[in-house]
Structures are given as C-alpha cells and as structure tokens.
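Asks: Give me a 3D structure for the following:
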Amino acid sequence: MKKREVTSQQLIEAATLLFAKHGIEKTSLAMIAAEVGMTKPSIYYHFASKEELVEKVFEFMFSDYHFEAYFSVSDFNERNFAEKLYQGGLRMFPEDDGNLHAAMRLLHEFMLTAGRGTPYGDRVARMQQAFLDGFRGLLQHGADLGAIPQENVEAKAYLLALAIDNMTSYMMMGIRLDYETIWKEAVNSVFRKGGNVIA
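Replies: Numbering: from 1, shown residues only. I've put the predicted structure just below:
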C-alpha cells in the first residue's frame with residue numbers, strides 16, 4: 001500500500017489491534033506501519049508522534065461511550081420507563097464481532113497507564129463516574145415521575161451501573177451467560193413491589 005492509499009483511520013484501526021495484542025509500550029510505529037504495508041516514516045504524514053496516535057486510538061475506542069448515547073433521559077416517561085431502561089442496557093452490551101477480547105485487553109492497557117503519568121486511566125475513571133451519575137439522575141427522574149419507588153434510588157442506580165459494567169466485562173472475557181435475562185432481572189428489581197415490569 002502506498003502512503004496516500006493508507007488513511008489515518010486505517011492506521012488507528014491497525015494500532016488498536018496491535019496495542020491490544022502486544023500492549024501500547026511494546027507496539028512500535030514500525031510494527032503499525034508494517035501492518036498496513038507502509039514505511040515507518042510515512043506514519044508521520046498522518047501523526048506527529050506515537051503519543052498522538054495513542055490519543056487517537058483512545059478517542060476511537062471511547063467516542064460513543066457516554067451515558068446519553070444509551071439512555072436519553074428526556075425520552076423517558078412514566079409509561080415507557082421500564083422498557084426504555086431495559087432496551088438502553090441491551091444497547092450497552094458489546095457486539096460479538098470477534099474483537100471483544102482485544103477491546104478488553106486494550107481497555108485494561110489504558111487503565112494500567114494511570115500509574116505511569118499518563119492521563120488515560122484517569123479519563124476512564126471519569127467516564128465510569130459519568131455513568132454512575134447518569135444512572136443516578138435517570139432513576140431520580142423515574143422516581144420524580146412516579147415510575148419507580150422513591151426508596152433507595154441512589155443504591156438502585158449504582159446496582160444497575162455495576163450490573164452493566166460487570167456483565168460487559170464478563171462478555172468481553174468470553175464467559176457465556178444469559179445476559180438479557182440477568183439485565184431484565186436487574187431492571188425489574190428497581191420497580192419490584194408487585195412483581196415484574198419487563199415480562
């Protein structure tokens with residue numbers, strides 16, 4: 001492949017897979033260049049440094065990872081609250097496209113960089129906190145609507161956030177469980193007084 005035929009996006013995708021396989025520190029620009037069929041100096045046509053490429057990989061991985069992408073609070077009302085909550089959680093499940101293990105390894109790699117003076121671990125922690133806050137705000141909205149009981153709203157919100165986080169981690173490790181039923185039970189537990197809401 002000639003330099004002009006290789007796009008920045010192709011380099012980001014190749015780097016993502018190589019970072020997941022070998023780790024960020026052990027993956028060289030030469031390895032990335034070889035993966036896409038170009039020379040190492042040609043990478044500088046697209047990225048000024050490896051650090052810039054790592055930043056672009058981080059953005060590529062997490063560009064859609066924010067609470068509102070799955071749960072638009074303004075769309076929730078008393079009648080649809082349970083179903084919207086259930087469906088939003090299902091959308092958070094990673095698709096089994098053959099790259100789940102790679103995504104898990106790379107996420108872990110970014111988290112490990114926190115202790116090495118890089119900002120990625122802190123950024124991942126802030127994203128996770130945003131999901132905790134998002135679930136808390138959503139369930140408080142549900143309580144204000146009268147869709148869910150007022151008792152222990154914060155604890156229920158954190159239970160849902162932790163359930164989703166753990167289920168997606170188990171999925172990415174290749175552990176096969178009935179995740180849809182588990183999520184359904186988690187959602188139903190938020191409403192439970194007189195029985196299940198999601199059948």
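Asks: mind showing which ranges of the protein have poor pLDDT?
Replies: Filtered on pLDDT under 70, the chain yields the residue ranges 1-5, 96-101, 113-118, 193-196, 199.
Asks: from the middle of its chain, how far away would the helix of greatest length in it be?
Replies: The residue-count maximum for a helix in the chain (DSSP state H) belongs to helix 120-145. Offset of helix 120-145 from its chain centre (C-alpha atoms, centre = their mean, to the nearest Å): 13 Å.
Asks: Please apply the same query to stretch 141-158.
Replies: In terms of C-alpha atoms, centre = their mean, the centre of stretch 141-158 is set 24 Å apart from its chain centre.
Asks: Format the CA atom coordinates belonging to it as PDB.
Replies: Written as PDB, here are the backbone C-alpha positions of stretch 141-158 (Å, rounded to 0.1, in the frame of the first residue of the first chain):
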ATOM      1  CA  HIS A 141     -36.100  11.200  37.200                       C
ATOM      2  CA  GLY A 142     -38.100   7.900  37.300                       C
ATOM      3  CA  ALA A 143     -38.900   8.400  41.000                       C
ATOM      4  CA  ASP A 144     -40.000  12.000  40.300                       C
ATOM      5  CA  LEU A 145     -42.300  10.700  37.600                       C
ATOM      6  CA  GLY A 146     -43.700   8.100  40.000                       C
ATOM      7  CA  ALA A 147     -42.400   5.300  37.700                       C
ATOM      8  CA  ILE A 148     -40.300   3.800  40.400                       C
ATOM      9  CA  PRO A 149     -40.400   3.800  44.200                       C
ATOM     10  CA  GLN A 150     -38.500   6.700  45.900                       C
ATOM     11  CA  GLU A 151     -36.800   4.400  48.400                       C
ATOM     12  CA  ASN A 152     -33.000   3.800  47.800                       C
ATOM     13  CA  VAL A 153     -33.000   5.400  44.400                       C
ATOM     14  CA  GLU A 154     -29.200   6.000  44.500                       C
ATOM     15  CA  ALA A 155     -28.400   2.400  45.600                       C
ATOM     16  CA  LYS A 156     -30.600   1.000  42.800                       C
ATOM     17  CA  ALA A 157     -28.900   3.300  40.300                       C
ATOM     18  CA  TYR A 158     -25.500   2.100  41.300                       C
END
